[in-house]
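S.K.: only geometry, no sequence info:
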């Protein structure tokens, strides 16, 4: 299947309310892959997917809010979406929460809280959680 067909199938599934397709189509619009880059459309698709309970879509909106891409920068709202996605088991969101606390984005810098989120992601089998922990340990030894 080529990219044009993939976009068409994602669009059909998204129109039928498939939250995974909404998220994946949002990624394509965010990146401009197979479609014209459109951050507004990406946000709309992620929001619809998130409203249907898709934790990946929640995390993707969180990224856009954290970075101020397609939406005004809002660390508190990003953190709330990451927390909701993490509560649904999304390890990417757990790692992003760790980053928020490690970097002090809208919250006081808190390495202990960052460690808890990274450890939670690692305990769920995400190797990026283990990598983030190792990086946090290296930073704390400086």
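M.R.: Thanks, I have it. This structure is a prediction, so every number in the text was calculated from the model and none was measured. Numbering: from 1, shown residues only.

S.K.: Work out for me the element the residue minimising distance to the centre of the chain sits within.
M.R.: Geometric centre of the chain, nearest residue: residue 59, 2.6 Å, by C-alpha atoms, centre = their mean. Using DSSP states H and E, residue 59 maps to helix 55-67.

S.K.: Next: residue 121.
M.R.: Applying DSSP H and E, one finds residue 121 within helix 111-123.

S.K.: packing partners for that helix?
M.R.: With contacts taken as 3 or more C-beta pairs under 8 Å, 6 or more residues apart in numbering; DSSP states H and E, helix 111-123 sits against helix 91-103, helix 127-140. Bear in mind the C-beta positions are built from the backbone N, C-alpha and C, glycine included.

S.K.: Now do the last one and helix 91-103, the angle between them.
M.R.: Counting by axes from the mean of the first three to the mean of the last three C-alpha atoms, to 10 degrees, helix 127-140 lies at 10 degrees to helix 91-103.
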